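> below: sequence and its predicted model.
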Amino acid sequence: MKSPWTKRFAVLLLLFGLAPVAGFAWMPVGTGSSVAAALIAPHIQIDRLTAVERAVADAKGSADNSWMLASSALVLLMTGPGLALFYGGLVRRKNVLSTMMQSFAMMAVITVIWAIVGYSLAFGSGNSFIGGLHNLFLRGVGTQPDPDYAATIPAQTYMIFQLMFAIITPALITGAFAERMKFSAMLLFLTLWSLLVYDPMAHMVWGKGGLLNASLGGRFPTLDFAGGTVVHITSGVSALVCALYLGKRLGYPNEPMPPHSVVISFIGACLLWVGWFGFNAGSALSAGGLATSAFVATHFGAAAAVVGWTVAEWIRRGKPSALGAISGAVAGLVAITPASGFVSPMSALAIGLIAGAVCFWMTSSFKAFFGYDDSLDAFGVHGAGGTVGAVLTGVFASSFINPIFKDANGNALPSGAIQGNYHQVLNQLTGVAIAWVMAIVGTLIILKLVDLVVGLRVEEEDEAQGLDLTQHGEEGYSWDTSS
Amino acid sequence: MTKVEAVIQTSKLDAVKDALHEIGVEGMTVLEARGHGRQKGHTEFYRGREYTVDLIPKIKIELVIADEMVEKTVQTIVTAARTGKIGDGKIFLSKVDDAIRIRNDERGDSAL
């Protein structure tokens, strides 16, 4: 950033311009006139300049770091209890704990895996597809910033922020195989998935040298601000594969399996909405205007999607449901995720509206037509919403919001189709296609492996009795006893 | 001794209870039940799927009373519980062999 001449000029300026300031500082010591003091001790000026520079950098870093730590906490809140409650309320009462436990287990297990090797594979230096083992056991990841990723915050802040994404992504998949997957199989499957699908995808989009990295010179720059491809498409499509591989729940679709508590899902969805500010605005990796832009886009996307889904449902079914409204919000948040730091507020409204209507259709007509049992609509909301959002990012991205592409002189180039860069939509489709392929291939292989080693589904009697009792020896609610 | 089982609308519980107290019937057991006679249920929608709920919440009141009180009790319940619409419920009467008060071994009508 600074050339040596800038510094020399600044020093000269200080000697003559800030001499009075130096004099003022000297006065309490009482050593005479300010000008005399400046001429006598120029090295004192340089020391103070360095100190001022350092103080400004510290202040800037503190603002960014506090926002980033807060964002990390918000994203964790999205998993626990946000997603745990959202999913928990949608299943039958006999499976509520097992569903929540799947999300919670990710908070624990993925953390350990990430610390040991996951972060290194995703964000360490490697090749276009995967990082390496240089940061094994978080070696080299300390309080100094890693300028490739975020120059104003400690590398560990970046690491922990990214960890929260790594946690929630596999947790999203649990929605597809709810109420019928063995706990042990789930643990093994999602651990392997995190290593073999998530870490490479994260590396390709966000890591140094990643194939799809838009900010670090990837070959097919895919605009994905906060993880539409990395998080939502991979998890959503993997969810569909799981739902098809594991098969339908016993009794589906003839036996009624309504949510046991839309109230609980409601609470979870609201926590997701608020937490998502950390997810998207935190992906600005700083506390300035870009974070604001992403924050606003996130909120607008969610709100417009509620409208989109609710209107579609009202027309189609005659009544606007609470479950539909909260599902719409989540769909909008998913779709705005890749776009959040690239689009204007009005574009965010458009993206949300479209996503709300599309995801409503995906979770009603589309799903009913094909008859698969994606129990909690992980594919319908995250897979479909993420795909829609990723493509629309290529449409609505604007360099006025975020000048992500620059020419050799540092001038901003058009970002998306609305600025004439239609090619970006193709790049987005490339990223989307890679995400789909990785999700499908990776998931199929891992599912087959885990099926052979542990077996994926619980026994039929266990499924009928409920997973809380049979997998965990517990009941979610002890209302049968009088005490 | 006669057992009176009355299945009524949930919204009529307080009215029936108060009416029974007024004619001197104090002892009763109240159960939450689900069921239907000829009453149709309703449909609910969750995530695009339709669920038919045809077991409707009801209240069941069980009384065991002396034979002399039966007709008056039945009339009281009917008057308090009736709305005139389908779903009002039914009353069943059956003979009871004996009744025992647990506290002090009393039997027969004095145990009621």
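Perfect, I can see it now. Numbering: from 1, shown residues only, chains lettered A, B, ... in the order given.

> for the chain, what's the longest helix?
You didn't pick a chain, so chain A it is. Secondary structure assigned by DSSP state H gives helix A:42-77 as the longest helix of chain A.

> try chain B instead
helix B:70-81.

> any idea of the angle the helix or strand following that helix forms with helix B:70-81?
Moving toward the C-terminus from helix B:70-81, the first helix or strand encountered (DSSP states H and E) is strand B:89-95. Computed by axes from the mean of the first three to the mean of the last three C-alpha atoms, to 10 degrees, the angle separating strand B:89-95 from helix B:70-81 equals 160 degrees.

> flag every buried residue along strand B:89-95.
By neighbour count on 16 or more other C-beta atoms under 10 Å in any protein chain shown, the buried set for strand B:89-95 is residue B:89. Where you see a C-beta, it was placed from the backbone N, CA and C, and this is true even at glycine.

> over to stretch A:470-483?
A:470-471, A:476.

> likewise for stretch B:24-42?
B:25, B:28.

> quick check: the residue of chain B nearest chain A.
The minimum distance from chain B to chain A, using C-beta to the nearest C-beta, falls at residue B:48 (2.8 Å).

> tell me the confidence at the closest residue to chain B within chain A?
Closest approach between chain A and chain B, counting by C-beta to the nearest C-beta: residue A:364, at 2.8 Å. Here the pLDDT value assigned to residue A:364 is 93.

> you'd agree it is in a helix?
Yes - judged by DSSP: H, G, I helix; E, B strand; the rest coil, residue A:364 forms part of a helix.

> show me which residues of the stretch 151-300 of chain A sit near chain B.
Selection of the stretch 151-300 of chain A residues close to chain B by C-beta under 8 Å from any C-beta of the partner chain yields A:253, A:256, A:258-259, A:262.

> take those residues and keep only those in helices.
Per DSSP H, these map to helices at residue A:262.

> among the residues of the stretch 151-300 of chain A next to chain B, which one has the most neighbours?
residue A:259 (20 neighbours; other C-beta atoms under 10 Å in any protein chain shown).

> hang on, that one packs against residue A:93?
No - counting by C-beta atoms under 8 Å, residue A:259 stays clear of residue A:93, with 9.8 Å between them.

> what's the residue of chain B most remote from its centre sitting at in phi/psi?
Here the centre of chain B is the reference, and by C-alpha atoms, centre = their mean the most remote residue is residue B:48, at 37.0 Å. Here is the backbone geometry of residue B:48 (degrees, to the nearest 10): phi 80, psi 0.

> hang on, isn't it packed against residue A:368?
Yes - with contact defined as C-beta under 8 Å, residue B:48 counts as touching residue A:368 (6.5 Å).

> quick check: which helices or strands does the longest strand seen in chain B pack against?
Ranked by number of residues, the top strand in chain B under DSSP state E is strand B:56-65. Judged by 3 or more C-beta pairs under 8 Å, 6 or more residues apart in numbering or on different chains; DSSP states H and E, strand B:56-65 is in contact with strand B:2-8, helix B:13-22, strand B:29-35, helix B:70-81.

> returning to that earlier point: what pLDDT does the residue farthest from the centre of chain B get?
pLDDT for residue B:48: 78.

> give me every residue that touches it.
A:360, A:363-365, A:367-368 (C-beta atoms under 8 Å, 6 or more residues apart in numbering or on different chains).

> turn the buried residues of stretch A:470-483 into CSV, columns for secondary structure.
Converted to CSV, the buried residues of stretch A:470-483 look like this (three-state DSSP):
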residue, secondary structure
A:470, helix
A:471, helix
A:476, coil
